[in-house]
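J.: Sequence and computational prediction follow.
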Amino acid sequence: MQLLVLSCVALLAPLAAGAPPSDRNHVPPIACEDMAPIHGDNQPSEEPAPYTISVSTTAVTAGQTVTVHFSGNTTFRGVYVQARQGDQPVGQFLASDVAGVALDDCAPGTSNALEYVSSEDTEELDVEWVAPDINDVIVFRMQLLVLFCVALLASLAAGAPPSDRNHVPPIACEDMAPIHGDNQPSEEPAPYTISVSTTAVTAGQTVTVHFSGNTTFRGVYVQARQGDQPVGQFLASDVAGVALDDCAPGTSNALEYVSSEDTEELDVEWVAPDINDVIVFRASFVKTFPEFWVGVESETVTVGTVQKAFHNIAA
């Protein structure tokens, strides 16, 4: 599984705008158009935004720089911004020494969008934008995000195209690696465990899978693996934040959990497939934005009669 605790600009900080789903650093192409963050089924607030964008000047010529200032009545943890001429992102943002700032490309332009991701509350942010060679008015449009969430895992469907904003992207079906900017999985022993209600089942029987640890978590992405293949099916749950994902060619063979609160333990149910082999539940855990673990495994579970599988191979 994947446990993620990104600030809810998570999609905005995961996949590059204009880059394929395998690029795990920025937003997907569709964000260049609608700029909508990916927060599961949550919709943008209709309340007046508590944030403002101010500029250092309201009149420039080509090549001149504008300082863009973000602030508000409350803190934020991420930003995705473009300078729009009508519906088109224009100009170029400049690289910044501020940790968490990255430039994005919205085709056919380059560096015409900027993202900022932080695991800490931020009160204000300054970035710089260079004016293009046009004669028109532009407006800076942004998304300012404050929630904590398991952004990517509650973002793009495993096995679904980048325009599907509900689940993880196809590549997560393979490597199960969370998207935390340039942060890498911890090499320390994971403080989490996966336990199972039984270690021997036959096709159609259910296994309860229990996640817990010495510290809390905020998200889960889990598969039952037969070798490198996700198998079986997870069952829908009444637990808020749990969703089923599809890793082709299977369906419901991966499960994600997203919460804005610290979680101590979680139970989910998995139905065994019609095989004769051993499987293992594989997971990735995240404690904080920069601190996460990949590839945590349960003990093995025997499905069917393993000896029968060996006999068939020999035959």
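T.: Arrived safely, thanks for sending.
J.: Tell me the spacing between residue 86 and residue 35.
T.: For residue 86, the distance to residue 35 (C-beta to C-beta, to the nearest Å) stands at 14 Å. From N, CA and C alone the C-beta is placed, and that goes for glycine too.
J.: Oh, that last question was meant for residue 57, not what I typed.
T.: Counting by C-beta to C-beta, the separation of residue 57 from residue 35 is 24 Å.
J.: Quick check: which helices or strands does the helix or strand encompassing residue 53 pack against?
T.: Assessed by DSSP states H and E, residue 53 sits inside strand 51-55. With contacts defined as 3 or more C-beta pairs under 8 Å, 6 or more residues apart in numbering; DSSP states H and E, the packing partners of strand 51-55 are strand 65-85, strand 139-145.
J.: rewinding a little: neighbour count winner among residue 57 and residue 35?
T.: When residue 57 and residue 35 are compared on other C-beta atoms under 10 Å, the one with more neighbours turns out to be residue 35, at 21 against 10.
J.: Go ahead and confirm the more buried one touches residue 80.
T.: Yes: counting by C-beta atoms under 8 Å, a contact exists between residue 35 and residue 80, whose distance comes to 6.1 Å.
J.: quick one: contacts for the residue nearest to residue 234 when sequence neighbours are not counted?
T.: Spatial nearest neighbour of residue 234, chain neighbours left out: residue 255 (4.1 Å); criterion: C-beta to C-beta, 6 or more residues apart in numbering. By C-beta atoms under 8 Å, 6 or more residues apart in numbering, the residues touching residue 255 are 1, 220, 221, 222, 223, 234, 242, 243, 244, 245, 268.
J.: Which strand residues bridge residue 255?
T.: The residues paired with residue 255 through beta bridges, assigned by DSSP bridges, are residue 222, residue 244.
J.: So residue 51 sits against residue 76, correct?
T.: Yes: using C-beta under 8 Å, residue 51 makes contact with residue 76 at a distance of 6.6 Å.
J.: Tell me which of these two has more neighbours.
T.: Residue environment comparison for residue 51 versus residue 76 gives the larger neighbour count to residue 76, 26 against 19, counting by other C-beta under 10 Å.
J.: So the more buried one sits against residue 50, correct?
T.: No: here residue 76 does not reach residue 50: they are 9.0 Å apart, not a contact under C-beta under 8 Å.
J.: Go through stretch 66-73 and flag the buried ones.
T.: Judged by neighbour count using 16 or more other C-beta atoms under 10 Å, the buried positions of stretch 66-73 are 66, 68, 70, 71, 72.
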